[in-house]
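Trainee: using only what follows, build the 3D model:
(one chain, ligands or ions: 3)
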Amino acid sequence: MSDEKAVSIPQQSGGTRAKDAGADGEILLKVTGLQKHFPIRKGLLQRQTGAVRAVDGIDFEVRKGETLGVVGESGCGKSTMGRLITRLLEPTAGTVEFEGRDITHLSTGALRPMRRDVQMIFQDPYSSLNPRHTIGTIVSAPFRLQGVTPEGGVKKEVQRLLSVVGLNPEHYNRYPHEFSGGQRQRIGIARALALNPKLVVADEPVSALDVSIQAQVVNLLDDLQEELGLTYVIIAHDLSVVRHVSDRIAVMYLGKIVELADRNSLYKAPMHPYTKALLSAVPIPDPKRRKAKSERILLKGDVPSPISPPSGCRFHTRCWKATQICRTTEPPLLELRPGQRVACHHPENFEDQAPQDTELLTEAKEAAAVLGRVPERPAEKTKKTKKVSDESGKSSGESGESPDGPGKSPDGPVKASEASEKSSDPSSDK
Ligand SMILES: Nc1ncnc2c1ncn2[C@@H]1O[C@H](COP(=O)(O)OP(=O)(O)OP(=O)(O)O)[C@@H](O)[C@H]1O
Ligand code: SF4
Ligand SMILES: [Mg+2]
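Mentor: Ligands and ions are numbered 1, 2, ... in the order given. Model (predicted):
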């Protein structure tokens, strides 16, 4: 891959990064109560028998110049959310506002001007580029679709875009198969930039690439944002990809946003147990803190089906802190700290929202395991547990708060054995 540096990139108007502009930038995109239910039809009459609740009522906003990272396990609705906000899919309910204008139900014709402003980069650079078209044809497609002729002609503009993304402009007439995965993703990025968009939604832009190439593409996106004043929504299934490029991060679980916070708050003191579990899977580069990795949390069980999601809090079937209220009452997404919204009755690193509910559900006792801990002799146990606790305190809760919610331990999740000890009376199981 050529590492040629970008040249003569035009500055977009109003392009200030949220990283520089602070967290209160102007709102570019606002999503309220957004839902997408895919109907399930059966029989000769194709009657609707149910629905896949892929996105089930989410609210968030994206500010001008910022990067919002969206993370969650496979099937939690990230791509569907991306397609809804770019209006490639029609929402079942809720609203999408772009630059203060409601675009939720605009017709194809009315959407056309907005399509220039919002572009998508797709996950798989192998299937998203037509193998029979040259790179020139692929990157110039947006001009043809929008009926736009760039200044200086299409060829010159495409060559400029290729050099902006670090490719050789002379390769204009080559075909996708002549490029590596990372180079193909650069072609996808060039195509997305052709019309000078305001918002770019990148759906797992590096997950199909080798790890060694991933950083180059992520850095390219970061550089382009700085130089072009772009706003990004970057979708990924783990936190390591979005860690360095996001200003804020939304964590999704089964069609819902369970936590939305600025990057530093989320990494220092995650409040949702699911965020904590995702974070524990992120490699720790600092050797001094690497020992905390022995606290890796393994969530047991599969992600439930979005066709009939669990009642109450959707995470209760896999949460080590779940109590009766978690099964019956859906926790609202509340701003518990400035800029940190979380949907949980018993949040981490914060005061318990349902302190009266103390008995763990049966599922909670088996929900998570702590991996990689070195077997200890009983006499050493107290001391060692304290040490890991101190380290995990550094990585996930610098506030020093350790409220005593149900199933809580300052170390993190309760191991199945500990949970059983805490509530050994079977009659107390809900
Ligand atoms: N067109 C569709 N028709 C029916 N169900 C769909 C459709 N598209 C997505 N789904 C379902 O909606 C749910 C969410 O899918 P989505 O692709 O948005 O998840 P995702 O978080 O992007 O997952 P991944 O990380 O695997 O890409 C899944 O259960 C999926 O099977
Ligand atoms: S403690 Fe309850 S509300 Fe919070 S994530 Fe676990 S199950 Fe959901
Ligand atoms: Mg996806």
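Trainee: what's the lengthiest helix in the chain packed up against?
Mentor: For the chain, the helix with the greatest residue count under DSSP state H is helix 211-228. Here helix 211-228 touches helix 181-193, strand 231-236, going by 3 or more CB pairs under 8 Å, 6 or more residues apart in numbering; DSSP states H and E. Just so you know, the C-beta spots here come from the backbone N, C-alpha and C atoms, and that holds for glycine as well.
Trainee: relative to ligand 2, which of the ones you listed is closest?
Mentor: Among the helices and strands packed on helix 211-228, the nearest to ligand 2 by CB to the nearest ligand atom is strand 231-236 (21.2 Å).
Trainee: between that closest one and helix 211-228, how many degrees?
Mentor: On the basis of axes from the mean of the first three to the mean of the last three CA atoms, to 10 degrees, strand 231-236 is oriented at 170 degrees to helix 211-228.
Trainee: now strand 231-236: buried residues?
Mentor: T231, Y232, V233, I234, I235, A236 (16 or more other CB atoms under 10 Å).
Trainee: check which element follows that strand along the chain.
Mentor: helix 239-242 (DSSP states H and E).
Trainee: between the buried residues of strand 231-236, which is closest to ligand 1?
Mentor: Nearest member of the buried residues of strand 231-236 to ligand 1, counting by CB to the nearest ligand atom, is I235, at 7.0 Å.
Trainee: how about the contacts made by that closest one?
Mentor: Counting by CB atoms under 8 Å, 6 or more residues apart in numbering, I235 touches G69, V70, V71, K78, S79, M81, G82, V201, A202, D203, E204.
Trainee: what's the closest non-adjacent residue to the fifth one?
Mentor: For S79, ignoring the flanking residues on the chain, the nearest one in space by CB to CB, 6 or more residues apart in numbering is D203 at 5.4 Å.
Trainee: beta-bridge partners for that neighbour, please?
Mentor: I235 (DSSP bridges).
Trainee: and T134, its phi and psi?
Mentor: Taking degrees, to the nearest 10, you get phi -70, psi 160 for the backbone angles of T134.
Trainee: can you name the residues that contact the nearest residue to it once chain neighbours are set aside?
Mentor: Closest residue to T134 in three dimensions, ignoring its sequence neighbours and counting by CB to CB, 6+ apart: N173, at 5.2 Å. If you count contacts by CB under 8 Å, 6+ apart, N173 has them with T134, I135, G136.
Trainee: which stretches of this protein form strands?
Mentor: Taking DSSP state E to define them, one finds strands in the chain at 27-42, 47-63, 67-71, 93-98, 101-102, 118-121, 199-203, 231-236, 248-253, 256-262, 297-299, 334-337, 340-342, 368-370.
Trainee: list the helices and strands the longest one packs on?
Mentor: In this structure, strand 47-63 makes packing contacts with strand 27-42, helix 78-85, strand 93-98, strand 231-236, strand 256-262, judged by 3+ CB pairs under 8 Å, 6+ apart.
Trainee: what angle do the second one and strand 47-63 make?
Mentor: Read it as helix 78-85. For helix 78-85 against strand 47-63, the angle by the same axes, to 10 degrees is 70 degrees.
Trainee: can you check the fourth one too?
Mentor: Between the direction of strand 231-236 and that of strand 47-63, the angle (the same axes, to 10 degrees) works out to 130 degrees.
Trainee: next one: strand 231-236 to chain centre, how far?
Mentor: The chain centre lies 8 Å from the centre of strand 231-236; the measure is CA atoms, centre = their mean, to the nearest Å.
Trainee: now check it, is it near ligand 1?
Mentor: No: using CB under 6 Å from any ligand atom, strand 231-236 never reaches ligand 1; the gap is at least 7.0 Å.
Trainee: show residues contacting stretch 103-122.
Mentor: Against stretch 103-122 from outside (CB under 8 Å, 6+ apart): 82-83, 85-88, 90-91, 94-99, 128, 142, 145-146, 148, 185, 188-189, 192-193, 195-203, 205.
Trainee: just the buried ones from those residues, in ChimeraX syntax?
Mentor: Only the buried entries of the contacts of stretch 103-122 go into this ChimeraX selection, using 16+ other CB under 10 Å:
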select :82,83,85,86,87,91,94,96,97,98,128,142,185,188,189,192,193,195,197,198,199,200,201,202,203,205
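Trainee: close to ligand 2: what parts of the stretch 151-300 of the chain are there?
Mentor: Near ligand 2, when you scan the stretch 151-300 of the chain using CB under 6 Å from any ligand atom, you find H272, P273.
Trainee: low-scoring stretches of the stretch 201-350 of the chain, by residue?
Mentor: 283-295 (pLDDT under 70).
Trainee: return the residues of it in contact with ligand 1.
Mentor: Counting by CB under 6 Å from any ligand atom, the residues of the stretch 201-350 of the chain that sit close to ligand 1 are H237, P306.
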